[in-house]
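Q: how would this look folded up:
(chains A and B)
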Amino acid sequence: MNIEQHITTATLAAVKHLYGQDLPENQVSLQDTRAEFDGQITIVVFPIVRFSKKSPEITATELGEYLVENIEEVTAFNVIKGFLNLSVADSYWLSLFNQELLSPEFGAIKPNGKKVMVEYSSPNTNKPLHLGHVRNNLLGYSVAELLKASGHEVVKVNLVNDRGIHICKSMLAWQKWGNGETPESSGLKGDHLVGKYYVIFDKEYKKEIEALKEAGQTEEEAKKNAPLILEAQKMLQDWEAGDDAVITLWKTMNSWVYAGFEVSYKNLGVDFDKYYYESNTYLLGKGTVEEGLEKGVFFKKPDGSVWIDLTADGLDQKLVLRADGTSVYITQDLGTAQMKYDDFHMDESIYVVGNEQDYHFKVLFLILEKLGKTWAKGLHHLSYGMVDLPSGKMKSREGTVVDADDLVAEMIETAKQKTEALGKVNDFSEEEKSALYNNIGLGALKYFLLKVEPKKRLLFDPSESIDFQGNTGPFIQYTHARIKSLLNKAGYDAAKGAAEVVITDTEREMIMLLAKYPAEIVAAAKVFSPASLANYLYEVAKMFNKFYHEVPPIVKEEDEALKHHRLNLSAVTAGILKTGMRILGITVPERM
RNA sequence: GCAUCCAUAGCUCAGCUGGAUAGAGCAACGGUUUUCUAAACCGUAGGUCAUAGGUUCGAAUCCUAUUGGGUGUACCA
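A: Numbers count the residues shown, from 1 in each chain, chains lettered A, B, ... in the order given. This next block holds a predicted model:
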């Protein structure tokens, strides 16, 4: 039993004993004592006043006296207004550290038997990844890792959007203006090559629209009648009809894109357990529509189209199948949801998708619930805000994007320059150097994107470089490297175990902060927020640096027990930073 | 129009199911290295928590309205 539980239980007993009342447990409100007061744990007594029928000060004093009397570890108290500040003996904090934090199992959370699917990335195969996709990938990956760390079994899934009119646009433009260009002949990465033709299509298409408008058509007419878009639509029909030439071209160009994505994914350090392809799943969902009609959840309009009426739920009527029997987006998603459940029987499923699809997922989940799918309540949409530039939204077809590969390369180059300027790793081999620059560059980028709460939109200014100082990835990486260096120099031997010493105020604060790590993981996983973990790790790193500066050089410490204890403290900190950053997908170097 | 998200220091962000005098980083200014990595540490300065009401012993946090911004409201995906 930890001290918080101990205090809670004793408080209930105290209220019973002092006032003869049964205090509900949720009325015991504990918090960390603010730095300016004595003590470590504070009880907010206002809720208890209702039961004691005495003033906050008197209640707090009586409760304080009782707790000092009855809990061995509580050595003193003081009352400020309605706040009862308790001092807990240093010996308690030291033994907490020695017995729990020092244990090799610390931070490892037992499997909870729950299986959860995280679907993320889900790219279109007509263009390369940009910064928005980077946010998605990092978020999806780290949420999956976070869930694993908190005891879930996790399946990472990528549903590739490899079909549709947008793919045909790239294909058509390549056919017309590509002159047989390939990744090999051009030296371009496959996804970039295909993306190039997507941009060309848009340019030519716009020209045609302008020409038609000059010939007297309205904007709307021109958009529909432009020869290029008609050709693209024809191509999509041919594709669905199984036309050999189109299918061959599609396969060729898709393979270029996949080769390109593989490289980008590898650079970002993300991976998947299972890929689904829309070219295989786009016909799914019609069975679900039948099911819905039978159950009376859907209804048919006179023209034969199928709908669901969600007006009673504050939403609109929604089409689920066209009059000609072809599917729309939500039809497919109904079908793939069922398929994924049949494949994995997971307890929960998380869709990592931007917030522009909030409405879509609200509708999707509601429909599945109305269809009586018991698993529908385990579906979550992890909605995140867009990444915007100072100039506004990023648009692939207009070429106004921050390209993922370029950005990663830039970050690594910046890391290289900064590291070289500091000159601390001149003895590294070339491979070691390049691995280090990679870690630091990506660490800065990943932390930058992950430290912000997912649902907030993110402004990225390419002209301002991402920081390497302060609340950043490199700062935490640096702290880890610093600790490793210290442990090496001091000849740290973990096998020596615990040490009995007198701890300082900072050390006690440090122990309290480090002890929160497992709870932090669980809390962050519960709300799918790597950001809260990131901010916690920053606090840990800051705390260590404060400690490091305050305490005299540990390497030179003559009191062996004290020296060993401080190394223990450092080692536990390094362990938390390493596993915590690992969850964020960030590698911490041994030296930098 | 309706729905939904956001608004905290010059900038970027924390602030948990309501708790004490709202915190960090960057930028600015000042200081710290013959001692374990200065990508660090210490300090100064910087706030009408968008606005107005309400609930409460207590509101940045909950409720309502207003303002400003994003997104959605497609027989596109």
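
Q: what's the neighbour count on residue A:58?
A: 13 (other C-beta atoms under 10 Å). Yep, even glycine has a C-beta here, placed from its N, CA and C like the rest.

Q: swap in residue A:140?
A: Residue A:140 has 27 nearby residues by other C-beta under 10 Å.

Q: Next: the one 3 residues further on.
A: In terms of burial, residue A:143 registers 26 neighbours under the definition other C-beta under 10 Å.

Q: swap in residue A:324?
A: 8.

Q: how close does it get to residue A:14?
A: 73 Å (C-beta to C-beta, to the nearest Å).

Q: so the residue in chain A positioned nearest to RNA strand B is in which element?
A: Distances between chain A and RNA strand B by C-beta to the nearest atom of the strand are smallest at residue A:470, namely 2.0 Å. In this structure, residue A:470 sits in neither a helix nor a strand according to DSSP states H and E.

Q: how many neighbours does it have?
A: 9.

Q: quick one, helices of the stretch 51-200 of chain A?
A: For the stretch 51-200 of chain A, the helices defined by DSSP state H, counting those that start in this stretch cover A:56-70, A:90-96, A:131-149, A:165-177, A:183-186, A:190-214.

Q: Output these in TSV, with mean pLDDT appended to each entry.
A: Shown next, in TSV, are those (pLDDT from 0 to 100):
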stretch	mean pLDDT
helix A:56-70	95
helix A:90-96	95
helix A:131-149	96
helix A:165-177	94
helix A:183-186	96
helix A:190-214	93
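
Q: Near RNA strand B, which residues of the stretch 201-350 of chain A? Just list them.
A: Counting by C-beta under 7 Å from any atom of the strand, the positions of the stretch 201-350 of chain A adjacent to RNA strand B are A:278, A:282, A:301, A:303, A:305, A:314, A:316, A:319, A:322-324, A:327-329, A:332.

Q: repeat that with 10 Å
A: Residues of the stretch 201-350 of chain A found near RNA strand B (C-beta under 10 Å from any atom of the strand) are A:236, A:278, A:281-282, A:301-307, A:314-333.

Q: same question, the stretch 1-150 of chain A
A: Going by C-beta under 10 Å from any atom of the strand, the residues of the stretch 1-150 of chain A near RNA strand B are A:26-27, A:29-50, A:56, A:60, A:78-86, A:122, A:124.

Q: still on that earlier bit, ranking the helices of the stretch 51-200 of chain A by burial, who's on top?
A: A comparison of the helices of the stretch 51-200 of chain A by mean neighbour count, using mean count of other C-beta atoms under 10 Å, puts helix A:131-149 on top with a mean of 25.

Q: what number of residues lie near residue A:20?
A: So residue A:20, with other C-beta under 10 Å, has 8 neighbours.

Q: For it, give its distance to residue A:298.
A: 60 Å.

Q: And residue A:69, by the same measure?
A: 67 Å.

Q: which residues touch residue A:250?
A: A:167, A:171, A:239 (C-beta atoms under 8 Å, 6 or more residues apart in numbering).

Q: Which strand or helix spans it?
A: Judged by DSSP H and E, residue A:250 forms part of helix A:244-268.

Q: Excluding chain neighbours, give the residue nearest to residue A:428 in space.
A: Closest residue to residue A:428 apart from its sequence neighbours, by C-beta to C-beta, 6 or more residues apart in numbering: residue A:436 at 6.7 Å.

Q: Let me know whether the helix or strand harbouring the one you found sits next to RNA strand B.
A: Residue A:436 belongs to helix A:430-450 when assigned by DSSP H and E. Yes. For helix A:430-450, a contact with RNA strand B is found by C-beta under 10 Å from any atom of the strand, at A:436-437, A:439-441, A:443-444, A:448-449.

Q: From these, pick the one nearest residue A:345.
A: Taking C-beta to C-beta as the measure, residue A:345 sits nearest to residue A:449 out of those, at 32.4 Å.

Q: what about that closest one, distance to residue A:534?
A: Residue A:449 is 10 Å from residue A:534, by C-beta to C-beta.

Q: do the same with residue A:277
A: Applying C-beta to C-beta to residue A:277 and residue A:534 gives a distance of 33 Å.

Q: Nearest the middle, which residue of chain A would you pick?
A: residue A:139 (3.1 Å; C-alpha atoms, centre = their mean).

Q: According to the record, where do the domains of chain A fall?
A: A:3-88, A:164-262, A:404-583 (automatic domain parsing).

Q: ok now the first one, how far from the chain's centre?
A: Spelled out, it's domain A:3-88. Centroid separation for domain A:3-88 versus its chain: 37 Å, with C-alpha atoms, centre = their mean, to the nearest Å.

Q: Export the helices of the stretch 51-200 of chain A as CSV, with columns for distance to residue A:397.
A: CSV is the format used below for these (distance: least, C-beta to C-beta, whole Å):
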stretch, distance to residue A:397
helix A:56-70, 63
helix A:90-96, 57
helix A:131-149, 14
helix A:165-177, 8
helix A:183-186, 20
helix A:190-214, 4
